[in-house]
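Colleague: take a look and give me a structure for this.
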Amino acid sequence: MMQLFKDPILLAIATATTLPFLAMAVILIFTRHNVRLSCTISVGTIGVSLMSALYLLITLWNAPAPIEYKALWMMSGNAITISFGYLLDPLSLLMLTIVAVISSMVQIYSLGYMAGDPGITRYYAFQSLFAWAMMTMVIAPGMMQLYIFWELVGLASYLLIGYYYEKYSAQQACKKAFVMTRLGDIGFFLGLVTLLLGRVSLEILDLNQLASAHKIEPYLATVSALLIFGGVMGKSAQFPLLTWLP
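Modeller: Predicted coordinates for the structure are as follows:
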């Protein structure tokens, strides 16, 4: 805990990714009957996350090497490790900032667009869940963390698509989106399983080094990449997994 407050970079990334989760929890548990307070909490926390993301992007854009903060979660006897934490490099920080900017714009716009809606506090809780999952996904140091938060993004999408759950059209739309994106996610999961069966590390920097040194068997790299790409196709509604779009 002391390291968190001694390291401004770690504090900034922890702030950026944790605040939306805290906002969701506070709204659902404590303030769901207080519209003004719930909206203020959600918009305020995503605003702080955006400021933290911008600080990190500006500070680390020209960093000589990626910065990792990781906690080991699992290790096998074959030196394959699964960890959770943060990977900070220009690409991940750019994506973090893009997610924070878009989330902020959506939440601010929704203040007017959703005004008077009886379920607005639930809506903002779901928006905070989406922002937390997306931001934690894009700075993942390993594929396992990326996959877990990839699925949480899918959950948030399902909840938002089915926000007007009393309407039959919304019920059908969220079910269709859930099924179609799960088809792609099966491919993503099988891609990770393929890498594990091939005794390949799921850590992103390790994967980059192995690929650059041509130390991954070509068939293994091809199969796993195609399977993971299937997950991307489903989530981004690429042909043929696009029928879940309204």
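Colleague: which strands and helices sit next to the helix or strand harbouring Ala53?
Modeller: Element membership for Ala53, per DSSP states H and E: helix 35-60. Using 3 or more C-beta pairs under 8 Å, 6 or more residues apart in numbering; DSSP states H and E as the contact criterion, the secondary-structure elements in contact with helix 35-60 are helix 8-26, helix 90-113, helix 120-138. From N, CA and C alone the C-beta is placed, and that goes for glycine too.
Colleague: and among the ones you listed, the most buried is which?
Modeller: helix 120-138 (a mean of 24; mean count of other C-beta atoms under 10 Å).
Colleague: thinking again about what came up before, export the helices and strands packed on helix 35-60 to JSON lines and tack on distance to Met144 and mean pLDDT?
Modeller: What follows is these, written out as JSON lines (distance: least, C-beta to C-beta, whole Å; pLDDT from 0 to 100):
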{"stretch": "helix 8-26", "distance to Met144": "17", "mean pLDDT": "96"}
{"stretch": "helix 90-113", "distance to Met144": "16", "mean pLDDT": "97"}
{"stretch": "helix 120-138", "distance to Met144": "12", "mean pLDDT": "98"}
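Colleague: looking at those, which is closest to Leu192?
Modeller: In terms of C-beta to C-beta, the element of the helices and strands packed on helix 35-60 nearest to Leu192 is helix 120-138, at 14.2 Å.
Colleague: who's in contact with Gly234?
Modeller: Applying C-beta atoms under 8 Å, 6 or more residues apart in numbering, one finds that Gly234 lies in contact with 180-185, 187, 241.
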